[in-house]
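S.K.: here is a sequence together with a model predicted from it:
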Amino acid sequence: MKAMLEVDEGHWWYRGRRLIVRAELDRVAPANGARVLDAGCGSGRMLQELTDYGQVYGIELDPDAAAFAASRGIGEVRVGRLEELPWESGTFDLITCLDVIEHTADDRRTLGELRRVCKPGGFLLVTVPAYQALWSLHDVANHHYRRYSRRTLRVAAVEAGWKVRRMTSFNSILLAPAAVVRIAQRGKSPDSGYTPELSLGPAWLNTVLEQPLRAEARWLARGRTLPAGLSLLAVLENAGPGA
């Protein structure tokens, strides 16, 4: 758990993604006092960020990670599946689900359940890995079911009843080098000595690698989008019945 905390806090990817997410949340988050859910909260680091937007809740499938998240003393954390959320319909004003739905067998069911617990007029911010063509050992080792294109993410969201308000790529600068690595991994199996965990590395390197995501966050904060990247972000609205 200590290793998980260190990676969540210091790794360039998690730090950069938090900047990206906050740039988007600042545009759609309701007034303070809202109920906010982090669906698939992991070790709970994102809960700390979400306190700026309201009263926070988390849910996590892994009991150890959920216990660690709860030990932070930030909001209420439960153990459970995203396909069967333990809250009443219309509980939350804002939901984040960061690199989680690709781990669920039925993403429509997951997105539909997230919509059920979202208030009419509320928002879901979701991030997912992009480009099925980049499917590799990384995805197998991380127990992914799929990667997404803009079209497949949009279709899944709309079929679950969401209205797509905004969609953008991010983590753009590393797309080309990462694509080379992922393609080279094809044909290998997880027992080839590959580990899916992110290593923290030296602080200076994390600082350098974070800078592109920091620049992207500033770009997105202006309402702009990015055409390509290793990840996709969508802001979805629960427009309510008959919308």
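M.R.: Done, it's in. Residues are numbered from 1 along each chain as shown.
S.K.: leaving out sequence neighbours, find the closest residue to Ala160.
M.R.: Leu111 (3.6 Å; C-beta to C-beta, 6 or more residues apart in numbering). In this view, the C-beta of every residue, glycine as well, is placed from N, C-alpha and C.
S.K.: distance check, the residue nearest the centre of the chain against Trp204.
M.R.: The residue lying closest to the centre of the chain (C-alpha atoms, centre = their mean) is Leu98, at 1.1 Å. Separation of Leu98 from Trp204 (C-beta to C-beta, to the nearest Å) stands at 26 Å.
S.K.: pLDDT score for the closest residue to Val28 other than its chain neighbours?
M.R.: Leaving aside its sequence neighbours, Val28 sits nearest to Phe123 (C-beta to C-beta, 6+ apart; 5.0 Å). pLDDT recorded at Phe123 is 97.
S.K.: what about Phe123, which helix or strand?
M.R.: strand 118-129 (DSSP states H and E).
S.K.: packing partners of that strand?
M.R.: helix 12-28, strand 92-98, helix 107-116, helix 150-159, strand 231-237 (3 or more C-beta pairs under 8 Å, 6 or more residues apart in numbering; DSSP states H and E).
S.K.: can you redo these as JSON lines with mean pLDDT?
M.R.: JSON lines is the format used below for the helices and strands packed on strand 118-129 (pLDDT from 0 to 100):
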{"stretch": "helix 12-28", "mean pLDDT": "95"}
{"stretch": "strand 92-98", "mean pLDDT": "98"}
{"stretch": "helix 107-116", "mean pLDDT": "98"}
{"stretch": "helix 150-159", "mean pLDDT": "98"}
{"stretch": "strand 231-237", "mean pLDDT": "98"}
